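# Compute the structure for the input listed below.
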Amino acid sequence: MFIETCIAPVNMALIKYWGKRDEELILPINDSLSMTLSTKEMCAKTTAAASPNFKQNRMWLNDEDVSFDDNPRVLRCLKEIQRLAIARSDLKFPIDWKLHVVSRNNFPTAAGLASSAAGYACLVYTLACLYGVENEELTSIARQGSGSACRSLYGGFVRWNMGTKADGTDSLAVPVAPQSHWPNMHVLILVVNDAKKKTSSTKGMKRALETSDLIAHRAKHCVPERIKAITSAIKNQDFCSFAELTMKDSNQFHAIALDTFPPCVYMNDVSHAIVEFVHLFNKILGSTVVAYTFDAGPNACLYVLEENVSQVLSAIQISFPNDAANNVEYLKGIPVEYSKTEHNILNGNAVFTTNRKNLLKYIIHTKVGDGAKKLGKEEALLNPTDGLPMKK
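Below you'll find the predicted structure:
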């Protein structure tokens, strides 16, 4: 039995990908740019094994036995990796050996937290390790599983070039800046709802292309300028410009979702309350300290520099009070020490809005992180004896 285990991170788009010019190859109508989050707090973990004793391809996703051979995207990724392996003419094992794959996320799936990006990036990277493939085409293969998965192969800040070729060979992800470039860039994910979203991203994009009058204008006129501007902001560590561009693009993306017919409503009342909170908070402090973005879901991703995290969290506890605020299951991830002085200053400001209790389910505190990586044998999710999932 040959067995490999890897992890891959979540990435959150700053300039969004929305709309495909080719559904099968998952080729986007515009470039996008994202920030990779630390795998210590949010990641997909996958183990893949090949054996002459396996009777069929099998896959377990978050401990659920799911179809492998009936999933066209999974099969496409596998076949592309096998194609590269065959081209090497030095196969580690016969290409017809069946596979067992186990994948687990340490965060909610299909809730607008980029779970498919982390999952497919991890699947492709693990299969590449299993078959002994090292190739720059990996981002192209991951893209064919889930578009934004191509960005999760790299750490730091990553651009996905839409490309122009019909076969998609130039639609690849490329690093913009490594994690080490802006190490004090932190993220607070405010989880409003971790249930599966009503309208999938795939369906939402398709409907937007068919019915939205705004989507073509955004792709042609807005995104190219924003990509240039935010790349410059990242390279210069210009948080104010970074924040404004990120928030404007998030707002425009959701405007397109609403311009779709029937509309796709991903944000809810709590999401909008978070938007109001961010703008009020920045106004109170007299500078841009925190920025929001929302993917296709109600959960907020707040960008804030490390030195401002405790202040922002103190304000969140005021504006979004929660009975579980002192519970380790409420504030997850990187520990934070609050400043009583900061809390008192903010609490004494009458302008600050206080929402009703317990609107947030929990908060994940993380930061910019590295890309996909290989783990040791001791991290395997499959039993190396029988090739079945290890018990948690």
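# If you average pLDDT per helix and strand, which one of this protein comes out bottom?
Using mean pLDDT, DSSP states H and E, helix 340-347 stands out as the lowest-scoring helix or strand of the chain, at a mean of 53.
# Relative to whichever helix or strand comes after that helix, what are the paired strands and their orientations?
Moving toward the C-terminus from helix 340-347, the next helix or strand (DSSP states H and E) is strand 362-367. Sheet pairing for strand 362-367, assigned by DSSP bridges, gives strand 185-191 (antiparallel), strand 331-333 (parallel).
# average pLDDT across the last one?
Mean pLDDT, taken over the full extent of strand 331-333, equals 92.
# The stretch 201-350 of the chain: helices as residue ranges?
201-211, 215-217, 223-235, 239-259, 269-285, 309-319, 340-347 (DSSP state H, counting those that start in this stretch).
# and this structure, what are its domains?
Listed by automatic domain parsing, the domain ranges of the chain are 2-178+373-379, 185-367.
# Could you find the closest non-adjacent residue to Gln237?
Trp182 (5.7 Å; CB to CB, 6 or more residues apart in numbering). Yep, even glycine has a C-beta here, placed from its N, CA and C like the rest.
# What count of nearby residues applies to the one you found?
Applying other CB atoms under 10 Å, we find 19 other residues in the vicinity of Trp182.
# Spit out the contact partners of the residue lying closest to Asn106 once chain neighbours are set aside.
Nearest in space to Asn106, with sequence neighbours left out and distances taken as CB to CB, 6+ apart, is Cys43 at 6.1 Å. Each residue near Cys43 by CB atoms under 8 Å, 6 or more residues apart in numbering is listed here: Ile7, Ala8, Pro9, Val10, Asn105, Asn106, Ala118, Cys122.
# for this protein, what are the low-confidence residue spans?
The model of the chain has pLDDT under 70 over residues 108-114, 338-351.
# could you redo the last one with a cut-off of 80?
Residue ranges of the chain with pLDDT under 80: 107-115, 194-198, 337-352, 392.
# Could I get the contacting residues of the closest residue to Ser250 other than its chain neighbours?
Distances taken as CB to CB, 6+ apart place Thr293 nearest to Ser250, at 4.2 Å, with adjacent residues excluded. Listed by CB under 8 Å, 6+ apart, the contact set of Thr293 reads Met12, Ala13, Leu14, Thr246, Met247, Asp249, Ser250, Ala300, Cys301, Tyr303.
# mind checking how far Thr293 is from Glu137?
Taking CB to CB, to the nearest Å as the measure, Thr293 falls 29 Å from Glu137.
# sorry, back to before: any chance of a markdown table for the contacts of Cys43, columns distance to His254 and neighbour count?
As requested, the contacts of Cys43 are arranged in a markdown table below (distance: CB to CB, whole Å; neighbours: other CB atoms under 10 Å):
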| residue | distance to His254 | neighbour count |
| --- | --- | --- |
| Ile7 | 30 | 23 |
| Ala8 | 27 | 29 |
| Pro9 | 24 | 33 |
| Val10 | 20 | 33 |
| Asn105 | 24 | 21 |
| Asn106 | 27 | 16 |
| Ala118 | 22 | 33 |
| Cys122 | 28 | 31 |
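# one step back: Thr385 is nearest to which of the domains of the chain?
domain 2-178+373-379 (10.6 Å; CB to CB).
# How many residues are close by the nearest residue to Asp69 once chain neighbours are set aside?
Nearest in space to Asp69, with sequence neighbours left out and distances taken as CB to CB, 6+ apart, is Asn57 at 5.5 Å. A count of neighbours around Asn57, defined by other CB under 10 Å, yields 18.
# separation between Asn57 and Ile29?
33 Å.
# Name all residues that make contact with the closest residue to Ile189 other than its chain neighbours.
Counting by CB to CB, 6+ apart, Ile189 lies nearest to Ile364, which is 4.2 Å off, once chain neighbours are set aside. Residues near Ile364 by CB under 8 Å, 6+ apart: Glu41, Met42, Phe107, Val187, Leu188, Ile189, Val191, Lys332, Gly333.
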